[in-house]
Structure formats: C-alpha cells, structure tokens
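*Asks:* Fold the stuff below for me.
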Amino acid sequence: MSENNTSASADALNKKNRNIRLAALGGVVVLAAAGSTAYWKLHASHYVSTDNTYAAAEVAQITPAVGGTVLEVNASDTQAVKQGDVLLVIDPTDAQLAVAQAKAELDRAERRVKSLMANDNSLSAQISARAADAQRATAQLAAAQADFERAKVDLQRRQALVASGSVSGDELTRAKNGFDAATAQLAAAKASAAQVTANQRSAVAAKEANAALISNSTVETNPEVAAARARLDQAEVNLARTVVRAPLDGVVAKRMVQLGQRVQPGAPLMVVVPVNDIYVEANFKEVQLEKVRIGQAVKLHADIYGKAVTYQGVVEGFSGGSGAAFAAIPAQNATGNWIKVVQRLPVRVKLDAAELQAHPLKIGLSMSAEIDTRTGGQQAAAAASADTQRTAAQ
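*Replies:* Residues are numbered from 1 along each chain as shown. Modelled structure (predicted):
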C-alpha cells in the first residue's frame, strides 16, 4: 500500500512539472510571438530591402561631329580625365581648307555688295540721262511732225495747181521728195522716241533690281554677306570639332578608336564614366513599393566594401515601367498559358557626394538597399499636395 502511494505521488509530481514546463514553453512562444509582432509593427514593417541593386551612371558617349583620320589618341581605358581634356585629334587638313574657302567666299560677297552699292549711284545717273534723252526725243519727234505737216501741205498745194500749169513737173517732184523725206524723218523720230522710252524703263528696272539686293542693309547686314559669314562660322566650328574633348570629369571606358583609323560622324569611339555622379538603381518587387515615396532615406552597402561601409541615400525617382516592360523581348502575357510573376520596378537612389568621394564606386557593382518608409514625409506630402492641386486645376 505504501508503494502505491509513493508511485502516485511521483506521477503527480511529474505531471505537475510537465505542466509547468509546458506552461513555460507556451509563455515563451507567446512572448516570442508578441515580440515578433511588436518588432514587425514597430520596426520591420517600415523597411523594405533588396539585394537586386546595382551602381549606375549616365555615361557620356564620345562620338566625333566630323569625319577624318585620327592623328592622336590621348586617352586609354581606366584613365581619369577632366572636363575639357583632349581625348583625340582628327586630321584638320580638310577643315582648314574649308575655312580658307569660306573666308574667300565671304570676301567675295562683301566686294560684290560694295559693288552693288556703288552701282546704285551709277544707275541713278543713267536714269537721269535716259530722262534727258526722252525729252530730246520728244522735241525731235515734234520737229519731225511739223516738217511732215509742212511737206504734206506743200505737196497738196502743188498737186492742186498742176492741172492749171502753174506748177512745173520738176517743182512737183521736189515737193514729193520733200514729203517722202519728212515722212521718213517722222518715222525715224518715232522709232527713236520708242527706243529712248524702252531704255528709260530698262534703267529704272535695273535700279529697282539693284536696290532689291541692297535695300535696308549695310555691307555687314546684307543677306549675301550674312550667308557667307555663316558658312565661315560653320567651317570654323568643324575645324574646332577635329579636337575631341572630354565633356565631363570621369574615367575612360570602352575605347574602340585607334591611331590612323578613319572615323565617321556619330561613330562611337569611347565612353567617359562620371564616377563622381554615380547613382544606385534598386529593383524592388512591386509588392514592396506600397509605402515607398520620393525623398525617403535609404541605407546601402556595396559588396566591394562589405558591411564596413554604409552609404546614406535618398529615393530620387521611379522608373516609368518594370524591367520586363523594357526588355528586348518583352513577355507576351496575352498568349498561351499564363503564370503570374511578381515584377520588379527600378527605383533610383541618389548617393551622398562626400560618401561617394570617400568610397568610390564603379557602374555595375552589386549593392543592397534598405528604404525607411517612415522618412520623407515632407516630400511625400508636398508631392501629394501638388497632385491634388493639379487634379483640381484640371
């Protein structure tokens, strides 16, 4: 009997200890769940992160504006260059000849315009001379007309007296000859007057044509001179373009040009990477971007430096479409069987210039990004206010 009581007491004690341990385990589970929930709501839910992140930059493509043979190449891959540094030189011979030709054409245009201006006075004098000729022709025509009328009357009188024998045949012949001569002189005077009138009109037209070329302009502002000067300016610009300079500070990459190579305008020769203006492109899943706004703070780490270096960035903008939308071969979701795939949207992150200077990056390097969605409230509010005002205005 005593043994049974001892066994029952041991079982009861074991059950009690087991219940205590289960209760403790349950408490630990409840506390862990409560802690996890509190951590998620108070902290983790305000952050979104991704390691699908890469350094990027808006590189400068170096292409020549003029064609020619490369005489010098002063830059090689990985070389650091400053804005304005000479990267390469194209043979300037053709461009120099074009400049010389354009200068000659400008000089010829200026001389032509000066000649037109000087000719204007000469044409005015010719018009005056033609006016005097017209007056003289008018007087000559009037005299010839008077002689004709007189010769006509004389002939008519003698013809009337021929029958009575008062006028001899010889005298009648002289009268006829005088009438014929007066008639010829009148015709010549009329022709001369017509010619003088035509010459006068021609002189006036020549002056008007000359005036149209020089009116309301000086030698400097004349359209012909201005066009020649523009051709000279273009030739000088093309000559200057034979020297290709770096458009910004950076590092040379993808150099494809060689000494002596014949290059054409627009052909890619090299690129300059602005390593001091690198930004980050973080590809977040679409389900992560509900609370992400422009202006929010971002913490970033680069694989090249590890966790020892932390970059402080700011969300600068969102891409206009997902990566799949801009792919070379976009997905055709309207055909065949379809499986929904979560898309990623590139988010542009601006880096702090001082941190970038202290720890340089190169484009394409892998990084990780974590956005604090609690920050950037002012920027988000301003953007929302602007959207509201724009909607109201529409």
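*Asks:* alpha carbons only for contacts and neighbour counts from here, please
*Replies:* Fine.
*Asks:* Quick check: nearest residue in space to Gln312, chain neighbours excluded?
*Replies:* Closest residue in space to Gln312, ignoring its immediate chain neighbours: Lys299 at 5.1 Å, by CA to CA, 6 or more residues apart in numbering.
*Asks:* I should have written Asp51 there, sorry.
*Replies:* Among residues not flanking Asp51 along the chain, Ser368 sits closest, at 4.1 Å (CA to CA, 6+ apart).
*Asks:* Tell me where the stretch 201-350 of the chain has helices.
*Replies:* Ranges of helices in the stretch 201-350 of the chain, per DSSP state H, counting those that start in this stretch, are 223-240.
*Asks:* what stretches of it score poorly on pLDDT?
*Replies:* Scanning the stretch 201-350 of the chain for pLDDT under 70 picks out 202-217.
*Asks:* and Ile188, how far is that from Arg174?
*Replies:* Quick fix: residue 188 is Ala, not Ile. Going from Ala188 to Arg174 by CA to CA, to the nearest Å gives 21 Å.
*Asks:* circling back: tell me the contacts of the residue nearest to Asp51?
*Replies:* Ser49, Thr50, Asp51, Asn52, Thr53, Tyr54, Ala282, Leu300, His301, Ala302, Asp303 (CA atoms under 8 Å, 6 or more residues apart in numbering).
*Asks:* What are the boundaries of the strands in this structure?
*Replies:* 47-56, 60-62, 68-73, 80-81, 86-90, 243-245, 250-253, 262-263, 270-273, 279-285, 297-302, 311-318, 344-351, 366-372 (DSSP state E).
*Asks:* list the helices and strands the longest one packs on?
*Replies:* Here strand 47-56 is seen to pack against strand 279-285, strand 366-372 when contacts are counted using 3 or more CA pairs under 8 Å, 6 or more residues apart in numbering; DSSP states H and E.
*Asks:* quick one: contacts for the most centrally placed residue in the chain?
*Replies:* Against the mean C-alpha coordinate of the chain, by CA atoms, centre = their mean, the closest residue is Ala65 at 13.7 Å. By CA under 8 Å, 6+ apart, the contact set of Ala65 is Asn238, Arg241, Thr242, Pro265, Gly266.
*Asks:* Mind checking which of the residues you listed are buried?
*Replies:* Restricting those to buried positions leaves Asn238, Arg241, Thr242, with burial counted as 16 or more other CA atoms under 10 Å.
*Asks:* do you know how far the nearest residue to the last one once chain neighbours are set aside is from Val257?
*Replies:* When you say that, I think you mean Thr242. Setting aside the residues directly before and after it, Thr242 is nearest to Ile90 in space (CA to CA, 6+ apart), at 4.8 Å. Separation of Ile90 from Val257 (CA to CA) stands at 11 Å.
*Asks:* who's more crowded, those two?
*Replies:* Ile90 (25 against 18; other CA atoms under 10 Å).
*Asks:* Report how many residues lie close to Gln357.
*Replies:* Residues near Gln357, counting by other CA under 10 Å: 12.
*Asks:* before we move on, what about Ala146?
*Replies:* 14.
*Asks:* For it, give me its contacts.
*Replies:* Per CA under 8 Å, 6+ apart, neighbours of Ala146: none.
*Asks:* do Phe326 as well
*Replies:* Per CA under 8 Å, 6+ apart, neighbours of Phe326: none.
*Asks:* if you set the cut-off to 10 Å instead, what comes out?
*Replies:* Gly320 (CA atoms under 10 Å, 6 or more residues apart in numbering).
*Asks:* so how far is Leu87 from it?
*Replies:* 33 Å.
*Asks:* Name the member of the contacts of Ser368 with the most neighbours.
*Replies:* Ala282 (27 neighbours).
*Asks:* residue contacts, that residue?
*Replies:* 49-56, 300, 315, 318, 344-349, 367-370.
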